[in-house]
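K.L.:
Output the structure for:
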Amino acid sequence: MPSEAAGEEGAEPWAVNFEGRADKDIDRLDKKLRQRVLVAVEGLAADPDASTGLRKLTGRPEHRLRVGQWRVLVQLNRKARSVEVLRVLPRSRAYER
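P.N.:
Now for the predicted structure:
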């Protein structure tokens, strides 16, 4: 009998929404990197609390999901159980304001 200690096992994955800029960012990636980013976002949607590459950004409402040298900037809405993908950028540009 599987353990459901975390309370999330078997739960519906969170909804994922890509903002316009994030869509453009993903379209510009090569096929292999695009696939890695999408798999990482799917993993985040399945269980945000178990995502090892997810960190809250200090002084900002966003979180970042690390995918190699790339960063996926997201906002989590726990009440609505949704992940808003804001941008997909190389690390060198991800934290510019």
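K.L.:
top helix in the protein by residue count?
P.N.:
Scanning the chain for the helix with the most residues, using DSSP state H, yields helix 31-46.
K.L.:
Report the buried residues of it.
P.N.:
Taking 16 or more other C-beta atoms under 10 Å as the basis for neighbour counts, the residues of helix 31-46 that come out buried are 33, 37-38, 40-41, 43-45. C-beta here means a position set from N, CA and C on the backbone, and glycine is covered the same way.
K.L.:
Spit out the contact partners of the most centrally placed residue in the chain.
P.N.:
Nearest to the mean C-alpha position of the chain, by C-alpha atoms, centre = their mean, lies residue 41 at 4.3 Å. Listed by C-beta atoms under 8 Å, 6 or more residues apart in numbering, the contact set of residue 41 reads 16, 65, 72, 74, 83, 85.
K.L.:
Buried among these? Make that a PyMOL selection.
P.N.:
Only the buried entries of the contacts of residue 41 go into this PyMOL selection, using 16+ other C-beta under 10 Å:
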select buried, resi 65+72+74+83+85
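K.L.:
So which of the contacts of residue 41 belong to strands?
P.N.:
For the contacts of residue 41, membership in strands holds for 16, 65, 72, 74, 83, 85, with DSSP state E as the criterion.
K.L.:
How much space separates the fifth one from residue 44?
P.N.:
In other words, residue 83. 6 Å (C-beta to C-beta, to the nearest Å).
K.L.:
cool, and the fourth one?
P.N.:
Spatial separation of residue 74 from residue 44 under the definition C-beta to C-beta is 7 Å.
K.L.:
who touches both of those two?
P.N.:
Common neighbours of residue 74 and residue 44 (criterion: C-beta under 8 Å, 6+ apart): 54, 65, 83.
K.L.:
what bridges to the first one?
P.N.:
Following DSSP bridges, residue 54 is listed with bridge partners residue 65.
K.L.:
How about the contacts made by residue 79?
P.N.:
Contacts of residue 79 (C-beta under 8 Å, 6+ apart): none.
K.L.:
give the contact list for residue 81.
P.N.:
Residues touching residue 81, when contacts are defined by C-beta under 8 Å, 6+ apart, comprise 12, 14-15.
K.L.:
Whichever of the residues you listed end up buried, select them in ChimeraX.
P.N.:
Isolation of the buried members of these (16+ other C-beta under 10 Å) is achieved in ChimeraX through the command below:
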select :14
